[in-house]
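1. Sequence below, structure please.
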Amino acid sequence: MIRLLVATVGMIVLTFLPTGFERLIRRDPADFAQLVSQLDEVRLCPENWQLREGTYEFNDFWRERLGLHAYRTVVLTNPKGVQLTVLVMLSETGEQLFHTPAICYEAHGCEIRGDEIPVLLGGENQGESRAVEVVFDRFADDTPRTAVFAYWVAPRWIAPARSSVRSQLGSQPFLLKVQILVEDATPSDVETKAVIGEYFSFLGEQLRALGI
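-> Numbering: from 1, shown residues only. Purely as a prediction, here's the structure:
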């Protein structure tokens, strides 16, 4: 009787578990050609802000390592004179999950002050970003800068802690990640958070409009 029960349970597991597991992990492949085309159309500069194209270039090594399909960089200045460098990256799900500003800037010899902290983005469906203070003391001066990032998972911004990023974003068919560097700013400053919130709100509207 026990053997029959075990055999019956085993048959049920072998019959239904693979199907359920496949459904759980299956994801539709991303149409990167279409996504690249859409990214080219995204407006990155809010009205009344000043814009100039960024000059940052990823070499072939980092393009391959991060699974990059496309990226755009711009330098913006808002009406109050605050300068932001914006990097938008479209990549496959992989190492990009763990490539945060704190890790990136520290690897290039910059000083990182404090831990990455969540910066909540107000308004409907905006979500959160994460920020860290960066100092380029080896290259320029000790002026503080705020490096902030978030992933766009429609219809909101998501920035999980490193310990949970894989569980929250690992099954995504693609990653659209935005990284911003705010000049002469610290993450704890109220005005810095306001600028970050304003820009992510603007960019989220542009992405929703294009259906990304």
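2. pLDDT weak spots in the chain?
-> Within the chain, the stretches with pLDDT under 70 are 1-28, 124-125, 139-140.
3. for it, what spans make up the helices?
-> Ranges of helices in the chain, per DSSP state H, are 2-25, 32-41, 60-65, 101-107, 165-169, 190-210.
4. Could you report the neighbour count for Gln34?
-> 10 (other Cβ atoms under 10 Å). (Each C-beta comes from the backbone N, C-alpha and C, glycine too.)
5. gap between it and Glu41?
-> Taking Cβ to Cβ, to the nearest Å as the measure, Gln34 falls 11 Å from Glu41.
6. Overlap in contacts, the two.
-> Shared contacts of Gln34 and Glu41 (Cβ atoms under 8 Å, 6 or more residues apart in numbering): none.
7. And Tyr188, how far from Glu133?
-> Just so we're on the same page, residue 188 is Ser rather than Tyr. 8 Å.
8. which one of these two has more residues nearby?
-> Neighbour totals were compared for Ser188 and Glu133, and Glu133 leads with 23 against 13 (other Cβ under 10 Å).
9. So the more buried one versus Pro101, what's the distance?
-> Glu133 is 10 Å from Pro101, by Cβ to Cβ.
10. Give me the common contacts of these two.
-> In contact with both Glu133 and Pro101: Ala147, using Cβ under 8 Å, 6+ apart.
11. Please give me every residue in contact with Glu116.
-> Thr100, Pro101, Ala102, Arg130, Ala131, Val132, Arg162.
12. Give me the subset of those residues that lies in strands.
-> Among those, DSSP state E puts Arg130, Ala131, Val132 in strands.
13. Can you tell me which of these is closest to Val195?
-> Taking Cβ to Cβ as the measure, Val195 lies nearest Ala131 of those, at 11.0 Å.
14. Now do the closest residue to Phe58 other than its chain neighbours against Leu39, distance only.
-> Closest residue to Phe58 apart from its sequence neighbours, by Cβ to Cβ, 6 or more residues apart in numbering: Leu68 at 6.1 Å. Leu68 sits 11 Å away from Leu39, going by Cβ to Cβ.
15. Thought Leu176 was touching Val88, still the case?
-> Yes - Val88 is within contact range of Leu176, at 7.3 Å (criterion: Cβ atoms under 8 Å).
16. okay, and the common contacts of those two?
-> Common neighbours of Val88 and Leu176 (Cβ under 8 Å, 6+ apart) are Leu39.
17. And the nearest residue to Gln172 once chain neighbours are set aside, how far from Lys177?
-> Excluding its sequence neighbours, the residue lying closest to Gln172 (Cβ to Cβ, 6+ apart) is Thr93, at 5.3 Å. From Thr93 over to Lys177 the distance is 11 Å, taken as Cβ to Cβ.
18. next one: Cys45
-> 19 Å.
19. Please apply the same query to Gln34.
-> From Gln34 to Lys177 the distance is 18 Å (Cβ to Cβ).
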